[in-house]
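**Student:** Fold the following for me, if possible:
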Amino acid sequence: MQRWQIRPGNTTPLGLESAPSETPGPGEVRIRVRAASLNFRDLLALRGTYPMASNRPIVPLSDGAGEVVKTGSDVSRVAEGDRVTATTISNWIDGAFDPASARQSIGFSVDGWLAEEIVLPETALVKLPDAISYEAGATLACAGVTAWNAIVERAHIGPGDHVLALGTGGVSMFAVQIAKLVGASVLVTSSSDAKIERARALGADGGVNYVTHPDWGERVRELTGGAGVDLVIENAGTLQQSLKAARHGGAIAVIGMLALLSTAGAPRPAPGGGGDLMDVFRSGATVTPIVMGNRRMLTRLVDAYATRGIAPVIDRTFRFSDAPAAYAALASAGHIGKIVVTV
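**Tutor:** Numbering: from 1, shown residues only. The predicted structure is shown next:
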């Protein structure tokens, strides 16, 4: 089988190689990969700037979907022929995040989905209904579950609430869809009026161009009748403006490395947008870090999208042989939603 590997220290860090098929052990299954998708942290891992990246060659990408083709002994949750995806941390089944579980982070600590085959523990898997394509299923585990965790599990957003999603990338476009799913209204921010219009066409109720409105937190308040939003999906390292945009007592969901690191992997600067504890105190907001989500959350998300017929926003799809071009497209930041590689 063919697989792509990130090779730390190599002049060409992403390389394609042949490898033998792996035999699944007890409780494991081998999956014929059909699609995988990229997240911001995958770009950092390729550049060697992701804090939790492996220092050894590793198959990247935490998100994918495919068909079970072989099962090891003691497997009972899935069978050969099942269509599946998997939670991004293979041993995080339910409950709160345990940092020790990061040792089983797919695509970072253990080999990921950018290959023709992958072997995973059956406990990580979630079955995909026929209503969800492999390409759609491959986008859900990281960005989709992160947005679901922030909106549904943590903030308990519902009808009449207001959500603000920063940007128009994968997490933000999932936030648009999930906010509308639960009956909330949702705004987005962008430096591009064209992207805002595309987001509106995909379900957003409006948007703010943060170049035209540098003090965009105040503009968001104006658009919500002076009240502010109930939840901000903070993935841009602009906490001060997010606190301005939120209602008093609202919630700020800080989305992992998106909010903490720049595209070069350096910490995002605080001046002008970082905020401090006094800003938090005055706002009365609850600031909560969101670290993706567990298998139970992924199962609920899959069920919701299948039942309601929602299709994740996929901007571009690349062939397996063109994986480097998919990374380049992610780096260009011209996309809305997700970038997918078909296998």
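**Student:** so what does the helix ranked longest in the chain touch, helix or strand wise?
**Tutor:** Longest among the helix segments of the chain by residue count, using DSSP state H, is helix 295-308. Identification of packing neighbours for helix 295-308 by 3 or more C-beta pairs under 8 Å, 6 or more residues apart in numbering; DSSP states H and E yields strand 125-127, helix 145-148, helix 170-181. For every residue, glycine as well, the C-beta is placed using N, CA and C.
**Student:** Those into a markdown table, with extra columns for distance to residue 17, mean neighbour count and mean pLDDT?
**Tutor:** Output for the helices and strands packed on helix 295-308, formatted as a markdown table (distance: least, C-beta to C-beta, whole Å; neighbours: other C-beta atoms under 10 Å; pLDDT from 0 to 100):
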| stretch | distance to residue 17 | mean neighbour count | mean pLDDT |
| --- | --- | --- | --- |
| strand 125-127 | 26 | 20 | 98 |
| helix 145-148 | 30 | 28 | 98 |
| helix 170-181 | 28 | 27 | 98 |
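**Student:** out of those, nearest to residue 306?
**Tutor:** In terms of C-beta to C-beta, the element of the helices and strands packed on helix 295-308 nearest to residue 306 is strand 125-127, at 10.2 Å.
**Student:** Who are the packing partners of the helix or strand just after that closest one?
**Tutor:** The helix or strand immediately downstream of strand 125-127 is helix 134-137, counting by DSSP states H and E. Counting contacts by 3+ C-beta pairs under 8 Å, 6+ apart, helix 134-137 packs against strand 28-38, strand 63-71, strand 83-86, strand 314-319, strand 338-342.
**Student:** average model confidence for the second one?
**Tutor:** Averaging pLDDT along strand 63-71 gives 98.
**Student:** And the third one, by the same measure?
**Tutor:** Confidence over strand 83-86 (mean pLDDT, whole number) is 98.
**Student:** Which strands or helices does the helix or strand following that strand pack on?
**Tutor:** Scanning forward in sequence from strand 83-86 by DSSP H and E, the next helix or strand is strand 117-121. Helices and strands touching strand 117-121, as assessed by 3+ C-beta pairs under 8 Å, 6+ apart, comprise strand 28-38, strand 63-71.
**Student:** swap the cut-off to 7 Å and go again
**Tutor:** Packing partners of strand 117-121 (3 or more C-beta pairs under 7 Å, 6 or more residues apart in numbering; DSSP states H and E): strand 28-38.
**Student:** Show me how far the strand it packs on is from its chain's centre.
**Tutor:** Remark: strand 28-38 is offset 17 Å from the chain centroid, using C-alpha atoms, centre = their mean, to the nearest Å.
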